[in-house]
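In: When you get a sec, could you give me coordinates for this:
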Amino acid sequence: MGALIYLADDDPDLTEVFSTFLRSAGYDVRTFPTGDDLAAEFSRKEPALVVLDVMMPGTDGLTVCKHLREVSNVPIVILTAKDSEMAQMSPS
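Out: Residues are numbered from 1 along each chain as shown. Presented below is the predicted three-dimensional model:
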């Protein structure tokens, strides 16, 4: 397997699409339904890349991103369904 990627998104359809694509490219992908679940696993094992949805139940993706950034320089990709630039810049 390739590099380890953590993916947190509460939409199972999107999670399946992204994880299938990444696995077909040779990556080891672990998926999480919430950012809290991802953060808990991150404290045990740091991946090569984190992919976070902005709007999830529990702690939102931007807050998880800030927490991860306090402890690591791991690359983080943020996903959002928000369609305006201003919405993309604010956490709610």
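In: Secondary structure element for the spatially most central residue of the chain, which one?
Out: The residue lying closest to the centre of the chain (C-alpha atoms, centre = their mean) is L52, at 2.3 Å. Here L52 sits within strand 49-53, counting by DSSP states H and E.
In: Show residues contacting that strand.
Out: Residues outside strand 49-53 that contact it (C-beta atoms under 8 Å, 6 or more residues apart in numbering): 3-11, 14, 18, 35, 38, 42, 61, 64-65, 68, 74-80. Where C-beta positions appear, they are placed from N, C-alpha and C, glycine not excepted.
In: just the CA coordinates of that strand, formatted as CSV?
Out: Extracted C-alpha coordinates of strand 49-53, given in CSV (Å, rounded to 0.1, in the frame of the first residue of the first chain):
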residue,chain,number,x,y,z
LEU,A,49,-2.4,13.6,4.2
VAL,A,50,-5.7,14.6,5.8
VAL,A,51,-8.9,15.4,3.8
LEU,A,52,-11.6,17.2,5.8
ASP,A,53,-15.2,18.2,5.0
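In: Give me the sheet partners of that strand and which way each runs.
Out: Strand pairing for strand 49-53, determined by DSSP bridges: strand 4-8 (parallel), strand 76-79 (parallel).
In: related to what we said a few turns ago, what's the spacing between the residue nearest to the centre of the chain and V29?
Out: Look at L52 and V29: by C-beta to C-beta, to the nearest Å, they are 14 Å apart.
In: Ok, D9 next?
Out: 12 Å.
In: low-scoring pLDDT stretches of this structure, where are they?
Out: Scanning the chain for pLDDT under 70 picks out 82-92.
In: try 80
Out: 1, 81-92 (pLDDT under 80).
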